[in-house]
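Asks: Predicted model, plus sequence, below.
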Amino acid sequence: AWADRPLPAPSAPPTPEAPPAAPAPAASPGTAVPAATPGPTGPTAPAEHLRELADAVLDSCLSGGGGPAFAALVDGAAGRSLGAALWTGPVSGWGRPGVPAHLGLTAADVPPPPAVGTGASTTALPAPLDRSVYERVFTLLRTPGHDDLPPVPELVDAEVARACAPLGLTGESLRAALLVGGRLAAGLDPLGSGAGPTAAHRALDRRWRRESSVARARRATVDPAWTQGPFADPARALREPWTAYVRRLWARLHGRDAHAVPVSDTAELWALLDGISYSVLRDHRARVRAVLRSLAAPGPETADASGSAA
């Protein structure tokens, strides 16, 4: 399955008479290749065109709009093309310095071949695209609704196919949702004060900036003495918001893929993206509160002779 994965076809060299063609995904045996999505030409044109479509979705999906742009991403197999491009090396950026091409979905430069695996633990799961087939099946069998999944032998076969598919997903609307969610996550700026590039960015940034836990972590990012302190991890999560957001989004899409539930329209897409933001924000709030509790806990010098806190 890994050897047959759909790598992008090499583009033709530019000539004076014609601009270079955008890379198109190569077909596996028996797989239909969608028509290429029209867009600007040039070495980085496909990524720029995808970002424009994603921004059109993010500007309108709060009110249920953006349907044509989302349909163009799905029909043009944009998520499949992006996932295949990640196998060959870095692709064009997400419009923000420091954001990796794979958005933190793998710890490697490019997604590695999936292992079969011999075990799994909820406390030590690797990044989504680095998980073994065993770990992928394990996470699905722990989720609500797992009784509706196929029998384990069939589920293993399905996970092998997903693990070798672009972005680790087989549903094209789910891959498009990950692309749009990646664009959203890469543009989030919870520590800033400016306006985000789309309506979706601005809505989520406002929510994050109202959080007192974010304000505490913000101070940690500007105080050099706190770079290695107890607030270092929560502050890092705010400086790199895409990692936690995209990993949680991928997990939700993986569950949908296993149950064959596509993202049918932009209203459903926004409900998904907005819900992920709430979930990540709640986790961040809990982490900051845990740090505060640890700082407020009595030290050894305040314990009495019986060993209880004074």
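Replies: Arrived safely, thanks for sending.
Asks: any idea how far residue 147 is from the closest residue to residue 247 other than its chain neighbours?
Replies: In space, and not counting its chain neighbours, residue 247 is closest to residue 128: 6.0 Å by Cβ to Cβ, 6 or more residues apart in numbering. Every residue, glycine included, has its C-beta placed from N, CA and C. Using Cβ to Cβ, to the nearest Å, residue 128 is found at 24 Å from residue 147.
Asks: and if you look at residue 260?
Replies: From residue 260 to residue 147 the distance is 15 Å (Cβ to Cβ).
Asks: Mind checking which of those two has more residues around it?
Replies: When residue 260 and residue 147 are compared for neighbours, residue 260 comes out ahead with 10 against 6, by other Cβ atoms under 10 Å.
Asks: That one is in contact with residue 171, isn't it?
Replies: Yes - contact criterion Cβ atoms under 8 Å: residue 260 and residue 171 qualify, at 7.5 Å.
Asks: For the residue nearest to residue 247, list the residues it contacts.
Replies: 105-106, 168, 247, 250-251, 254 (Cβ atoms under 8 Å, 6 or more residues apart in numbering).
Asks: Mind jotting down where the helices sit in the stretch 1-150 of the chain?
Replies: Here the stretch 1-150 of the chain has its helices, by DSSP state H, counting those that start in this stretch, at 45-60, 67-75, 78-86, 133-141.
Asks: what would those helices look like in TSV with mean neighbour count?
Replies: As requested, the helices of the stretch 1-150 of the chain are exported to TSV (neighbours: other Cβ atoms under 10 Å):
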stretch	mean neighbour count
helix 45-60	22
helix 67-75	19
helix 78-86	25
helix 133-141	20
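Asks: Reformat those as a markdown table; add distance to residue 162 and mean pLDDT.
Replies: Formatted as a markdown table, the helices of the stretch 1-150 of the chain follow (distance: least, Cβ to Cβ, whole Å; pLDDT from 0 to 100):
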| stretch | distance to residue 162 | mean pLDDT |
| --- | --- | --- |
| helix 45-60 | 22 | 83 |
| helix 67-75 | 18 | 96 |
| helix 78-86 | 11 | 91 |
| helix 133-141 | 7 | 93 |
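Asks: Reformat the ones you listed as TSV; add distance to residue 164.
Replies: Shown next, in TSV, are the helices of the stretch 1-150 of the chain (distance: least, Cβ to Cβ, whole Å):
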stretch	distance to residue 164
helix 45-60	22
helix 67-75	21
helix 78-86	11
helix 133-141	10
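Asks: Could you give the number of residues near residue 288?
Replies: 24.
Asks: quick one: it and residue 232 touch, right?
Replies: No - using Cβ under 8 Å, residue 288 makes no contact with residue 232, being 11.9 Å away.
Asks: Can you tell me, leaving aside adjacent residues, what's nearest to residue 269?
Replies: residue 263 (5.2 Å).
Asks: and if you look at residue 69?
Replies: residue 56 (3.8 Å).
Asks: quick one: that neighbour from residue 70, how far?
Replies: 8 Å.
Asks: Go ahead and flag the most central residue of this structure.
Replies: residue 246 (2.2 Å; Cα atoms, centre = their mean).
Asks: quick one: that one and residue 184 touch, right?
Replies: No - between residue 246 and residue 184 there is no contact under Cβ under 8 Å: 9.1 Å.
Asks: what residue ranges in the stretch 51-200 of the chain score low on pLDDT?
Replies: For the stretch 51-200 of the chain, applying pLDDT under 70 flags the ranges 90-92.
Asks: how about the strands in it?
Replies: Counting by DSSP state E, counting those that start in this stretch, the stretch 51-200 of the chain has no strands at all.
Asks: thinking residue 257 is in contact with residue 173, fair?
Replies: No - Residue 257 is beyond contact range of residue 173, at 9.9 Å (criterion: Cβ under 8 Å).
Asks: Count the neighbours of residue 194 for me.
Replies: Using other Cβ under 10 Å: residue 194 sits among 8 other residues.
Asks: go on, residue 169?
Replies: Count around residue 169 with other Cβ under 10 Å applied: 25.
Asks: Ramachandran coordinates for it?
Replies: Main-chain torsions, residue 169, degrees, to the nearest 10: phi -130, psi 150.
Asks: what do you get for residue 118?
Replies: According to degrees, to the nearest 10, residue 118 has phi -130, psi 0.
Asks: ok, it to residue 57 distance?
Replies: Distance from residue 118 to residue 57, by Cβ to Cβ: 41 Å.
Asks: Equivalent analysis for residue 189, please.
Replies: The value you get for residue 189 to residue 57, if Cβ to Cβ is used, is 19 Å.
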